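Participant: need a structure here:
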Amino acid sequence: MLRRIGMYLAAVALVMAFGGRAQAQDKLKNHFSDVANKVKAMEDPSAKREVLNESLNKMQSALSTVQGSPLVSKNDKEGIAQFKVTLQDKQDELAGLNGYAGVPDAQLNDFADYIVQDMEQAETVTISLVALLLIILIAVLIL
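Facilitator: Residues are numbered from 1 along each chain as shown. Alright, predicted model coming up:
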């Protein structure tokens, strides 16, 4: 009987962990979606560019902070490093650095949507629920 209860509790914990992970991923995606909506509501291309760059910088900062935390496993640190590379590529593309042509002013709305779509389609690397929650918490505090 105890074995059955233990297996049931383990199954419930597993389901809750996946649900929490999904919610954390949704919060991360919602952050980028909110930024895209903010960009599309603006008229001035330089202000749009600044909002996109600032958002990417703040997320990079949050990722760096979490990556340095002793609470984060080695696997999470590797996943965060991959995510940081993806974000750095977006920053480089926005600014026209490291072989990218740069995003023209007329395409900033599309670029904001592209970032959202890329985050939605990407399998959120292998970052645990704890690391995702730390990223969200720090991103909220920075933003």
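Participant: tell me how many other residues crowd Val35.
Facilitator: Applying other C-beta atoms under 10 Å, we find 21 residues neighbouring Val35. (Each C-beta comes from the backbone N, C-alpha and C, glycine too.)
Participant: check which helix or strand it maps to.
Facilitator: Using DSSP states H and E, Val35 sits in helix 2-41.
Participant: name the next helix or strand downstream of that helix, please.
Facilitator: Next element after helix 2-41 (DSSP H and E): helix 45-67.
Participant: and that following helix, which residues are buried?
Facilitator: By 16 or more other C-beta atoms under 10 Å, the buried positions in helix 45-67 come out as 45, 48-49, 51-52, 55-56, 58-60, 62-63, 65-67.
Participant: next secondary structure after that helix?
Facilitator: helix 74-95.
Participant: list the buried residues for the next helix or strand after that following helix?
Facilitator: Moving toward the C-terminus from helix 74-95, the first helix or strand encountered (DSSP H and E) is helix 108-121. Within helix 108-121, the residues that count as buried by 16+ other C-beta under 10 Å are Leu108, Phe111, Ala112, Asp113, Ile115, Val116, Met119.
Participant: perfect, that will be all.
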